[in-house]
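Provided below for reference: sequence and predicted model.
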Amino acid sequence: MTTTRKAQGGAVQRANYTTVFGSLADHQKGGVELIADDARHYAFSNIFDVASKAIAWDRVAVAKNWEYVLETIRAEGTSPWYAAAHDEFAICMDDGDAEVLVELVKPDSPVAPEGSEGAVLLHTEPVGRPMGRIHLKRGHQALLPKGAAYRFVKQGAAGVLLIQTIGGALTQYRWADICQTV
Amino acid sequence: MTIQIDNVHQSEEANADGYREFALGEFTFKRDEFFVYIGWPTGEHMMSADSFLRALQRDVAWDFFYGIVNFDGVFGTLNHYGTVDIFAGRFNESYRKAELDYSENMETPRIRATFEAILDDWTNESFDPFASPHETGSAFGLKNGSNTAAVTRQRVAADRMVGVPGDEQVRSDDSGYPVNRMFADVDQSEPVIEVEPGFEDEVAAFSLFAYLSRSNVTWNPSVVSVCKDSLACPTTEEYILPIIHGNDRVEWFVQLSDQITWEVEDRDTGAVRARVTMRAGDVSAMPADIRHQGYSPKRSMLLVWENNSEKIPEAIASGKAPTYPIEF
Ligand SMILES: [Fe+2]
């Protein structure tokens, strides 16, 4: 039986609501219903759908506005080390019922060239001072600060990250594969 | 008789229903128990008082936002970032064909002051224009008190990210932001952060979902993280977006929870183009030549992602940049 309570506006509302988040294991994609348009104009995709088909730590663009992108990452195991010459941000969209760990190091000498755009891959462990670690659960957002080196660790089931950044050498564009086209 | 206070032209006396009347350029604004009456040299238009106040609240709170804020198919504002066009029928094919459309360009401070004054005078104590219909009483009736605290809520805008020392801070019961009834099941735990000495300003994280669960407004994007001109502007949505937003650039939506359906129309004519249904995890662009209105059956979390660059509107209007985001 549905339990209810009175809303301030006078109507009857539920006493309890269920908030629906998505995950790798459980997501339901919506879509574009065309009346007089081209589906490609909307570049419609789903973060979890993209991550479910991705190789771990690939940075796949799901949104692009001029030089800026949002990248989806399938988080599984331990990532390479990255750095950027500007702030980036990571939102944990799926923690795989555990956590995504962010490790931050301040390199002794800058890794990402000043003025460069997007994440840069480090081919070796960064040499510098540890800055700290952040434990991300679903819905948590972390700053990946300009000039820091960072990597992610995801133990157990795969998770999903959404990265706010600038398109760079590591950004993968697979629009035709991930977007609704008709 | 009208008087001028702080650049706002308003009637000295309230009308029979208790509301002041306003003038802005050649536009006039009146309300009674149920309706708002907007006049201009070539026409007049009526809107429901509650729809008008909900739209006006967004236009004021967003400081005219990006591009066009259509209050409905006739009346609205077009932002030029320093000046604002106030228009009637301009993005309505029939009005334009009949040459009944009208628009005036104003300095932003002038239209802002007038709109703020109308919003404050016409909002009764029973009504909160930012709230969903479940969370507020009626907008209608004779003038009955005011709700200045609700209509002057500050829009939140982080400089770097919410939770960074010195920046916008997370919301809590103590800071006056209880968890919304429709997000009572959202986990409230904050991330565990281990910081080495000296890096307190740079090692930062917060729970975005908990932050949004405590938003006390609907359809009011606020900036939580900034990468140069890339602004993450999440918002909580319930019921209907009270305006029809016309883009002057591509914007992007990431549905974080639940579901929103967007009705998408041609920006200039209002002809229907598409319906976009977004569920948790869905990502969709909104092209630069459309207008859209969202419908959220349950309070939901939406990440609106904007490019704040001032060069974009001109590049798109002049055809130098495409109206859609990606060629593929
Ligand atoms: Fe919009």
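Here it is on my side, so go on.

any idea how far the residue located most distally from the centre of chain B lies from chain A?
Farthest-out residue of chain B from its mean C-alpha position, per Cα atoms, centre = their mean: residue B:197, at 41.3 Å. For residue B:197, the distance to chain A (Cβ to the nearest Cβ, to the nearest Å) stands at 10 Å. C-betas here are computed from N, CA, C, even on glycine.

residue contacts, that residue?
By Cβ atoms under 8 Å, 6 or more residues apart in numbering or on different chains, the contact list for residue B:197 is empty.

what about the helices in chain A?
A:47-52, A:175-178 (DSSP state H).

returning to what we had before: do you know how far the residue farthest from the centre of chain B is from residue A:134?
Going from residue B:197 to residue A:134 by Cβ to Cβ, to the nearest Å gives 16 Å.

Residue A:75 too?
The value you get for residue A:75 to residue A:134, if Cβ to Cβ is used, is 13 Å.

now swap in residue B:22 and tell me
51 Å.

higher neighbour count, these two?
residue A:134 (28 against 21; other Cβ atoms under 10 Å in any protein chain shown).

Is the more buried one in contact with residue B:202, as I believe?
No. Here residue A:134 lies out of contact with residue B:202, judged by Cβ atoms under 8 Å, at a distance of 11.0 Å.

Need the overlap of contacts for the two.
In contact with both residue A:134 and residue B:202: residue A:104, using Cβ under 8 Å, 6+ apart.

Next up, the contacts around the residue lying closest to residue B:9 once chain neighbours are set aside.
Distances taken as Cβ to Cβ, 6 or more residues apart in numbering or on different chains put residue B:23 closest to residue B:9, at 4.2 Å, once the chain neighbours are dropped. By Cβ under 8 Å, 6+ apart, the contact set of residue B:23 is B:2, B:9-10, B:29.

out of the residues you listed, who has the most neighbours?
residue B:29 (24 neighbours).

Can you give the strand pairings for the helix or strand hosting that one, parallel or anti for each?
In the assignment (DSSP states H and E), residue B:29 maps to strand B:27-31. With DSSP bridges as the test, strand B:27-31 is paired with strand B:22-24 (antiparallel), strand B:35-40 (antiparallel).

would you turn the ones you listed into TSV with mean pLDDT?
Compiled in TSV, the strands paired with strand B:27-31 are given as follows (pLDDT from 0 to 100):
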stretch	mean pLDDT
strand B:22-24	97
strand B:35-40	98
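
Format those as a markdown table; extra columns: distance to residue B:255.
Formatted as a markdown table, the strands paired with strand B:27-31 follow (distance: least, Cβ to Cβ, whole Å):
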| stretch | distance to residue B:255 |
| --- | --- |
| strand B:22-24 | 37 |
| strand B:35-40 | 32 |
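
right, and those strands - which one's nearest residue B:120?
Evaluated over the strands paired with strand B:27-31, closeness to residue B:120 peaks at strand B:22-24, with 11.1 Å, by Cβ to Cβ.

what pairs with the spatially most central residue of chain A across the strands?
Note on chain A: the residue nearest the mean C-alpha position is residue A:162, at 0.9 Å, using Cα atoms, centre = their mean. For residue A:162, the beta-bridge partners under DSSP bridges are residue A:72, residue A:91.

mind listing what it touches?
Residues counted as contacts of residue A:162 (Cβ under 8 Å, 6+ apart) are A:47, A:62, A:70-73, A:90-91, A:93, B:254.

now swap in residue B:26 and tell me
Per Cβ under 8 Å, 6+ apart, neighbours of residue B:26: B:40-41, B:102, B:104.

same deal with residue A:116?
Per Cβ under 8 Å, 6+ apart, neighbours of residue A:116: A:84-85, A:168.

Kindly recompute the last result at 7 Å.
Listed by Cβ atoms under 7 Å, 6 or more residues apart in numbering or on different chains, the contact partners of residue A:116 are residue A:85.

what do you get for residue A:43?
Taking Cβ under 7 Å, 6+ apart as the test, what residue A:43 contacts is A:175, A:179, B:285, B:325-326.

Could you do residue B:68 as well?
B:76, B:78, B:91, B:246, B:267, B:291.

and with 10 Å instead?
B:76-79, B:85, B:87, B:90-91, B:243-248, B:267-268, B:291 (Cβ atoms under 10 Å, 6 or more residues apart in numbering or on different chains).

That one and residue B:93: what is the separation?
Counting by Cβ to Cβ, the gap from residue B:68 to residue B:93 is 15 Å.

Next: residue B:40.
Counting by Cβ to Cβ, the gap from residue B:40 to residue B:93 is 18 Å.

So for those two, which residue has more residues nearby?
Neighbours per residue (other Cβ under 10 Å) separate residue B:40 from residue B:93, with residue B:40 holding more: 22 against 15.

what sits opposite the nearest residue to that one once chain neighbours are set aside in the beta ladder?
Counting by Cβ to Cβ, 6+ apart, residue B:40 lies nearest to residue B:102, which is 4.6 Å off, once chain neighbours are set aside. Legend: beta-bridge partners of residue B:102 under DSSP bridges are residue B:88.

Let me know whether residue B:102 touches residue B:87 as I believe.
Yes. In this structure, residue B:102 is within contact of residue B:87 by Cβ atoms under 10 Å, at 6.8 Å.

between the two, which one's more packed in?
More crowded of residue B:102 and residue B:87, by other Cβ under 10 Å: residue B:87, with 23 against 18.

leaving aside the residues next to it on the chain, what's closest to that one?
Closest residue in space to residue B:87, ignoring its immediate chain neighbours: residue B:103 at 3.7 Å, by Cβ to Cβ, 6+ apart.

Tell me who's in contact with the one you found.
Residue B:103 neighbours (Cβ under 10 Å, 6+ apart): B:25, B:27, B:40, B:76-78, B:85-91.

Let's see the pLDDT reported for it.
Listed pLDDT for residue B:103 reads 98.

measure it to chain A for me?
Residue B:103 is 26 Å from chain A, where distance means Cβ to the nearest Cβ.

How about the secondary structure of residue B:314?
helix (DSSP: H, G, I helix; E, B strand; the rest coil).

Return the set of buried residues in the longest strand belonging to chain B.
Counting residues, the longest strand found in chain B (DSSP state E) is strand B:290-307. For strand B:290-307, the neighbour count (16 or more other Cβ atoms under 10 Å in any protein chain shown) marks B:290-294, B:296, B:298-307 as buried.

Let me know the closest of these to residue A:154.
Nearest member of those to residue A:154, counting by Cβ to Cβ, is residue B:303, at 21.8 Å.

tell me the contacts of the closest one?
A:63, A:70, A:91, A:162, A:164, B:208, B:212, B:221, B:224, B:232-235, B:252-256, B:283.

Keep only those of those residues that are in helices.
Short answer: these in helices (DSSP H) are B:208, B:212.

which stretches of the chain have low pLDDT?
All of this refers to chain A. Judged against pLDDT under 70, chain A has no low-scoring part.

Can you look at chain B instead?
For chain B, applying pLDDT under 70 flags the ranges B:1.

the longest helix in it is where?
Under DSSP H, chain B gives helix B:108-122 as its longest helix.

Let me know the next secondary structure element after it.
As assigned by DSSP H and E, the chain's next helix or strand after helix B:108-122 is helix B:148-151.

Other residues contacting that next one?
Contacts of helix B:148-151 (Cβ under 10 Å, 6+ apart): B:53, B:56-57, B:60-61, B:116, B:119-120, B:122-123, B:125, B:127-131, B:136, B:216-217.

let's see it at 7 Å
So helix B:148-151 is in contact with B:57, B:119-120, B:123, B:128-130, going by Cβ under 7 Å, 6+ apart.

Which single one of these is nearest to chain A?
Each of these was checked against chain A using Cβ to the nearest Cβ; the closest is residue B:128, at 9.1 Å.
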